[in-house]
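A.B. asks: Below are the sequence and a predicted model for it; my questions follow.
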Amino acid sequence: MNLNLTLVGQAISFAIFVTFCMKYVWPPVIQALRERQEKIAQGLADAEKGAQRREEAEAEIETMLQDARAQAAEIVAQAQKQRNEMIDKAAGEATAKQEQIAAKAMADLDREVVGARENLRKQVGSLAVDGARRILGGEVNEASHGQVIDDLIKQI
Amino acid sequence: MASTSATGGTTSTEYIKHHLQNLTFGYHPENGLSIAHGAQEASDMGFWAIHLDSMFWSITLGLFFIWLFKKAADRVTAGVPGGLQNFVEMIVEFVDTNVRDTFHGKSEVVAPLGLTVFVWIFLMNLMDLVPVDFIPRAAEESGIPYMKIVPTTDINVTLGMSISVFLLMIYFSVKVKGGMGFLKELTLQPFSSGNVLVQALLVPVNLLLEGISLLAKPVSLGLRLFGNMYAGELIFILIALLPFYAQWALSVPWAIFHILVITLQAFIFMMLTIVYMSMAHEHH
């Protein structure tokens, strides 16, 4: 239990170890710790920012979807309207054409009927003249009796 | 009562004495430069002797500390730490937190000082858990008569450290507050008076009180560690006197309890060192 030089020796080695620790051990380790702390803080902040950005993007997507949906509905409605218009127009045109065709056919028919009737009348006239000639034996001259025949024809 | 674990043919008293004797090298008035045999010869050598075992173990453990932490510091990275770095960082962070909580000045010395104190003292205390006979017996076989392997059970070692801390306290006190500031701190409190005459009377009283409280710090710091470790070691030695088949029943619980003690003592020494540094840096 004697106090002796060991005390001084211990003090000297203590001083050396503390100095060494102060110069070569403490600074790099504590610096790495600080750096890692900073990194982690940075990482957490980044994650927070990322989450926020994702939320924003999601909201944006939602609005864009809604816009798109509205636009699609509008387009569909417009298309429907256009289709209806086109159908109506086509139907109108078809009806007009049909009427036109029908009218033309009617007119043709009328004309033909008139032609046929005329023709028929003529034929009946000539038939009648023919018949009369045969009965009268050539006394009927077409030229001299033309007036009569025509009158007859008209009466048919 | 001589047990099987005691050196052959010695009594318990001799066994205990042998275990508490440092390997002292110095100049003996009769034997000249030699290693002391027995406490009497060691004390005859006076101040100019050295405990080779204490110095050897404390420096070896100090070098181990420096080597281990330097190794970690060389490979340190701010990325994912490896096993050793993790371990070292844990201790560094622990010390750093304590320093930050207690010491509010700005100093590059205090934190590394705390780290060195904590780890080194912990390692020296840890030697207490090595069974008391292992190394002394091995040393005896190789011709070394005494071998105390726990440096902190040597009062020279603990006082050597506490006095170093004390000198640092004085140094920082003078550096931060100036010589006059430090002197004022010692003489103008705790009692002060507006009257110059009364104040002059109070100065010696203050000096006495503050002087004692200042000197008590290194003494208590060193003696606390020494006392705890010495007592613990002594109990291990006493347990070693039991028959070998019964020793475990006491030595195991005591060793487990001692794990707490050695850590706690290292921690207390570190904390007080930081507190004293803090006091030296702050104006009262």
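C.D. replies: Structure received.
A.B. asks: what are the phi and psi values for residue B:51?
C.D. replies: phi -90, psi 100 (degrees, to the nearest 10).
A.B. asks: ditto for residue B:242
C.D. replies: Geometry field for residue B:242 lists phi and psi as phi -70, psi 160, criterion degrees, to the nearest 10.
A.B. asks: The helix or strand that contains residue B:181 packs against which elements?
C.D. replies: Element membership for residue B:181 (DSSP states H and E) is helix B:155-187. On a contact count with 3 or more Cβ pairs under 8 Å, 6 or more residues apart in numbering or on different chains; DSSP states H and E, helix B:155-187 meets helix A:5-20, helix B:52-74, helix B:110-126, helix B:196-239, helix B:244-281. Where you see a C-beta, it was placed from the backbone N, CA and C, and this is true even at glycine.
A.B. asks: please redo it, this time with the cut-off set to 7 Å
C.D. replies: Under the contact criterion of 3 or more Cβ pairs under 7 Å, 6 or more residues apart in numbering or on different chains; DSSP states H and E, helix B:155-187 touches helix A:5-20, helix B:52-74, helix B:196-239, helix B:244-281.
A.B. asks: Now for residue 66, how many residues are close by?
C.D. replies: Here I'm looking at chain A. 10 (other Cβ atoms under 10 Å in any protein chain shown).
A.B. asks: oops, I was thinking of chain B
C.D. replies: For residue B:66, the count of nearby residues is 20 (other Cβ under 10 Å).
A.B. asks: Quick check, pLDDT for residue 107.
C.D. replies: Picked chain A for this. Note for residue A:107: predicted pLDDT of 93.
A.B. asks: Hmm, no, I was thinking of chain B.
C.D. replies: Residue B:107 is assigned 85 on the pLDDT scale.
A.B. asks: The one 10 residues further on too?
C.D. replies: Looking at residue B:117, its pLDDT is 95.
A.B. asks: Would you mind measuring from residue B:221 to residue B:272?
C.D. replies: Residue B:221 sits at a distance of 6 Å from residue B:272 (criterion: Cβ to Cβ, to the nearest Å).
A.B. asks: and stretch B:151-160, average pLDDT?
C.D. replies: In the prediction, stretch B:151-160 has an average pLDDT of 93.
A.B. asks: meant to ask about stretch B:83-99, not that
C.D. replies: Averaging pLDDT along stretch B:83-99 yields 91.
A.B. asks: Can you give the distance from that stretch to the centre of its chain?
C.D. replies: On the basis of Cα atoms, centre = their mean, to the nearest Å, stretch B:83-99 sits 21 Å off its chain's mean C-alpha point.
A.B. asks: outside of that stretch, which residues touch it?
C.D. replies: Residues from elsewhere that reach stretch B:83-99, judged by Cβ atoms under 7 Å, 6 or more residues apart in numbering or on different chains: A:29-30, A:33, B:69, B:71-72, B:75-76, B:81, B:110-111, B:114-115, B:118-119, B:270-271, B:274.
A.B. asks: now these: which count as buried?
C.D. replies: A:29-30, A:33, B:69, B:72, B:76, B:81, B:110-111, B:114-115, B:118-119, B:270-271, B:274 (16 or more other Cβ atoms under 10 Å in any protein chain shown).
A.B. asks: For residue B:194, grab phi and psi.
C.D. replies: Dihedral angles (degrees, to the nearest 10) for residue B:194: phi -70, psi -30.
A.B. asks: Tell me the spacing between it and residue B:125.
C.D. replies: Distance from residue B:194 to residue B:125, counting by Cβ to Cβ: 50 Å.
A.B. asks: Give the residue from those two that has the larger number of neighbours.
C.D. replies: Each of residue B:194 and residue B:125 has its neighbours counted (other Cβ under 10 Å); residue B:125 has more, 28 against 6.
A.B. asks: Residue B:265 is in contact with that one, correct?
C.D. replies: Yes: counting by Cβ atoms under 7 Å, residue B:125 does reach residue B:265; the two are 6.0 Å apart.
A.B. asks: Now the common contact residues for these two.
C.D. replies: residue B:229.
A.B. asks: OK, contacts around whichever residue of the stretch 151-284 of chain B sits closest to chain A?
C.D. replies: Proximity of the stretch 151-284 of chain B to chain A (Cβ to the nearest Cβ) peaks at residue B:160, 3.0 Å away. Going by Cβ under 7 Å, 6+ apart, residue B:160 touches A:6, A:7, A:8, A:10, A:11, A:14.
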